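Visitor: Mind folding the following:
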Amino acid sequence: MTTPPKAGLYFDVPDSTYHKWDLCSSTRLRLMEEKTPLHVNHAVNFPEAWDSPAKQLGRAVHCLVLEPKRWPTRFAQAPECDRRTKEGKQLWADFCTLNEGREIVKAETGQIAQEMAMSVEAHKDAAALLRKADVREVSLVTDLWSVPFKARLDAYGEDIVVDLKTTRSASPEEFERSIMNYGYGLQAAAYLRAADRCGLKVKHFCFICVESEAPHAVAVYRLKNDVIDLFDARLAPLVERYGQCVKSRKWPGYSDTVTEIGVPAWYQRKLENGEAA
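Guide: Okay, the predicted model is just below:
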């Protein structure tokens, strides 16, 4: 972790630098709401343990779509080689030396990322949104309810924020579930509050969704105000809880006492509707 800068807007900040700023963020709030402060603290201190192939694909697609000129300096696509052989080991060693400092992606991952980026570029409304929101990877530092907070906008322009999502399914029904289940609505509400605190007036928060499996279909969604209001109401308690954890240096997990568990509400509804035995 590095000392974060003062409140304000920051451009051309490397992704790796931004993630080292030890501040509250929508990612940390989403994890705290889904799990516990203990999980947040672990993710902050051991980020490599929380990484995954899906997240790496997302980073690659973001770079290709939002900052394609930086691809050669940020990523390196691994060569096809058998590292069990002497020749393969040497080829791999030479490749790693040549690309030191770059994030290495498998050849298959790099190919998929490029295909996904091309799908976004070929989508009329997605391309138009990105032309309008032509300021990329804007880093914000501010405070929410007196708790230092950071946000990183994928794309910003005039009165709009665009967030790029890689997803299993970009259908309206599935993405609505993702908004609720993966905290995308919480992210939007937090970003809009942070943007307002930094003097950016935003009227529209849009998602560009691209599927990770062929044919890499693309969809564009604008978040309705009622969804933003729903998640905005959940922000303050989460931010304040995060601030308390920072102040006390205590990051509790689940309850340390015995907790009773009964029939969950969703299963009770199935019982009442005769959908479960």
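Visitor: Setting aside sequence neighbours, what's the nearest residue to residue 253?
Guide: Nearest-residue entry for residue 253: residue 38, 3.7 Å, with adjacent residues in sequence omitted and distances by Cβ to Cβ, 6 or more residues apart in numbering. (C-beta placed from N, C-alpha, C; glycine too.)
Visitor: Could you pull out the buried residues of the helix or strand residue 180 falls within?
Guide: Element membership for residue 180 (DSSP states H and E) is helix 172-181. The neighbour-count check on helix 172-181 (16 or more other Cβ atoms under 10 Å) flags 175, 178, 179 as buried.
Visitor: name the helices or strands packed onto it?
Guide: strand 160-167, strand 218-222 (3 or more Cβ pairs under 8 Å, 6 or more residues apart in numbering; DSSP states H and E).
Visitor: quick one: average confidence on it?
Guide: Averaging pLDDT along helix 172-181 gives 92.
Visitor: then it to CSV, C-alphas only?
Guide: In CSV, the C-alpha atoms belonging to helix 172-181 read as follows (Å, rounded to 0.1, in the frame of the first residue of the first chain):
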residue,chain,number,x,y,z
PRO,A,172,-31.3,-7.9,-19.6
GLU,A,173,-32.6,-10.5,-17.2
GLU,A,174,-29.2,-11.9,-16.2
PHE,A,175,-27.6,-8.4,-16.0
GLU,A,176,-30.4,-7.2,-13.7
ARG,A,177,-29.5,-10.1,-11.4
SER,A,178,-25.8,-9.1,-11.6
ILE,A,179,-26.7,-5.6,-10.6
MET,A,180,-28.4,-6.9,-7.5
ASN,A,181,-26.1,-9.9,-6.7
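Visitor: and the next helix or strand after that helix, which residues are buried?
Guide: Per DSSP H and E, the first helix or strand lying C-terminal to helix 172-181 is helix 184-197. Neighbour-count burial for helix 184-197 flags 184-195, 197 (criterion: 16+ other Cβ under 10 Å).
Visitor: How about stretch 9-23?
Guide: Neighbour-count burial for stretch 9-23 [16+ other Cβ under 10 Å]: 9, 10, 15, 18, 19, 21, 23.
Visitor: Identify the spatial nearest neighbour of residue 263, chain neighbours not counted.
Guide: Per Cβ to Cβ, 6+ apart, closest to residue 263 is residue 271, 7.5 Å.
Visitor: Actually, residue 168.
Guide: Nearest non-adjacent residue to residue 168, counting by Cβ to Cβ, 6+ apart: residue 212, 6.3 Å away.
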